[in-house]
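1. dropping the sequence and predicted coords here.
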Amino acid sequence: MNSDFELVLEDCLARQRAGANLEDCLALYPAQAEVLSPLLLAASRVRTISKPEARPEAIQAGRELVLAALAAKDTTHVFSNPPISKPRFSRYIERIFTILHTILFGKENKGMKFVLRLAFDMMIILVIGLGLTVNASARSLPGDSLYGVKRTWEELQLGFTLNEQARQELQTQMTEERRQEVQQLLKLRRPVIVEFEGDLQSISAEEWVIDGIRVRIQSATVFEGNPTSGMHVWIRAQIQPDGSLVAQLVRAINQPQPAFSNPGPGVTSTPGPGQTPWKTSMPGNPSWYTYEPTRMPWPTDWSTHMPQPTYMPWSTHGPRQQSGPSDNSRNDGCCDHNQKRDHNHMRDRHH
Amino acid sequence: MLPDETILIQRAQRGNQEAVTAIYDQYYPAVFTYIFYRVSNKTIAEDLTAEVFLRMIAKLPDFTGNGRPILAWLYTIARNLVIDYYRNSKERNTMPLEESLVAGEGGHPAKEMDDRLAQECLSKALLGLTEEQRQVILLKFVDDREISEVSEIMGKNERAIRSLQHRALAALHRAMGKERCYEF
């Protein structure tokens, strides 16, 4: 209603400006005439009063003053925004300290309300607590309660590192961290599933060496690609109580593969997004290395995202069987019942 | 802020005299009117208007505008100057009306007298309004600006300006009646 009236008023004012008189407008809006009349009268009166004008000599004198001030001003100062002056910087710092002091120690009736102050204090405690937790998690291993914090922090670091070179360095560092974690876990003989990547240094019937880490190969081990000595491979393996490592899945990653098939390195069963691009984990960048996967989240639907059937040299089911984890409902010829159960189990652990 | 105005300010910030002169010539009348209706004295308004532009020169390197027109900034400087003026001046009306009229331009003294009385009356009436109400009256009915321009200068949407205009005119009507501004 009020808004409508304001539109009517504006319409009348526009008409008045164009030359219509007060009565014309009131006739157009008889229902609002009583309220409109004094407003239009006031507007009309103001419009009839001649606009005050300064004397030309005063305008000229002012102009000369302004130009003189401009000329007197250091041009370089006008040109650039100078860095913040010391007094101003001191004032800012002083103000920040005053605000912080008021928030943290100020009396309720003088400063911020109690609830707001409490919230601020809680926020500070939370930030400090979070920092300490992240710091404490730095040496954690898979199976430790803080290991999730460590990996989340790594993911955050990756996410916020936009510079490509810094990102690659960080990913290389993380790959190395994963390998060191595996070695520590082997010493501890902690029965967890680990995932890491490295160079396949030697192959024998029962044992492979990947970057100095010995991995036992069993008949249930699944192979993707055609891993040969010298290749860069990604491994998922189970640490046994006797301190040995039994491979569950070995994937050759020197051959072009779809980006989504890269689960990335990791000692846990949750590689997550943004795992190490394999190229960057190979500082030497060997000539055979051609594959550079993009950062992709861990595929949620393995049946659609896994690579196509590959050779499984030790599989009892022949060389042309699909090796990747598959959907429960699919009878894709991946493996026998036990293997399939293991795959599903592994996939569930990932999720 | 209009693109032309942005360029003008950038040039002025680089110390270009023509740009500064253009800003001065373009905005002097509006600033003068604004100040005049606050101090009710032409000479003082002239001095204060010149001071507004001197302050503009001093602060120009730091001016960013944040998308608002330069006139909005000049009004802020003017408003602060008027406040300082009143704070520092023990005698509010430093120059009596008659003297100010004598100092006015020649021509038709009777008409000038009428104009000056009307202006004086409006000036007194405007003192009864809030800062925003006063500003919308001056921009809309003295400077004769479109509502979109007023909206941009005051940094409010048009609906808010229409609402403000409504309240301002109602308050002005009451104040003008009280000051007998309709009688001459």
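-> Happy to help now that I have it. From a predicted model like this one, the values you see are computed outputs, not experimental measurements. Numbers count the residues shown, from 1 in each chain, chains lettered A, B, ... in the order given.

2. tell me which residues touch the closest residue to chain A within chain B, please.
-> In chain B, the residue found nearest to chain A is B:Ala50; the distance is 3.4 Å by C-beta to the nearest C-beta. Every C-beta, even on glycine, is put in place using the N, C-alpha and C of the backbone. With contacts defined as C-beta atoms under 8 Å, 6 or more residues apart in numbering or on different chains, B:Ala50 is in contact with A:58, A:61-62, A:65-66.

3. wait, a strand at it?
-> No. If the criterion is DSSP: H, G, I helix; E, B strand; the rest coil, then B:Ala50 is helix and not within a strand.

4. narrow the contacts of B:Ala50 to those in helices?
-> Residues from these lying in helices, with DSSP state H as the criterion: A:58, A:61-62, A:65-66.

5. of the residues you listed, buried ones?
-> Among those, those that count as buried by neighbour count (16 or more other C-beta atoms under 10 Å in any protein chain shown) are A:58, A:62, A:65-66.

6. from chain A, which residue is nearest to chain B?
-> In chain A, the residue found nearest to chain B is A:Gly62; the distance is 3.4 Å by C-beta to the nearest C-beta.

7. by mean pLDDT, which helix or strand of the chain comes out lowest?
-> I went with chain A, as the question did not name one. The helix or strand of chain A with the lowest confidence, counting by mean pLDDT, DSSP states H and E, is helix A:302-305 at a mean of 40.

8. to clarify, I was referring to chain B.
-> helix B:97-102 (a mean of 45).

9. helix or strand right after that helix?
-> Proceeding N to C from helix B:97-102, the next assigned helix or strand is helix B:109-127, under DSSP states H and E.

10. does anything pack onto that following helix? Which helices or strands?
-> Here helix B:109-127 touches helix B:17-39, helix B:97-102, helix B:158-178, going by 3 or more C-beta pairs under 8 Å, 6 or more residues apart in numbering or on different chains; DSSP states H and E.

11. so what are the domain limits for chain B?
-> Structural domains assigned to chain B are B:1-90, B:108-184, following automatic domain parsing.

12. quick check, pLDDT for the most centrally placed residue in chain B.
-> Central residue of chain B (C-alpha atoms, centre = their mean): B:Tyr34, 1.4 Å from the mean position. Taken from the predicted model, the pLDDT recorded for B:Tyr34 is 90.

13. cool, the one 10 residues further on as well?
-> Per-residue confidence (pLDDT) for B:Ile44: 91.

14. quick one: work out the angle between the strand or helix carrying it and helix B:17-39.
-> Mapping B:Ile44 onto the secondary structure by DSSP H and E places it in helix B:42-59. An angle of 140 degrees separates the directions of helix B:42-59 and helix B:17-39 when computed by axes from the mean of the first three to the mean of the last three C-alpha atoms, to 10 degrees.

15. so after helix B:42-59, what's the next helix or strand?
-> helix B:70-88.

16. and that next one, what does it pack against?
-> helix B:3-13, helix B:17-39, helix B:42-59, helix B:147-154.

17. what's the helix or strand hosting A:Ala14 packed up against?
-> Counting by DSSP H and E, the secondary-structure element that holds A:Ala14 is helix A:2-18. Under the contact definition 3+ C-beta pairs under 8 Å, 6+ apart, helix A:2-18 sits against helix A:22-28, helix A:33-48, helix B:158-178.
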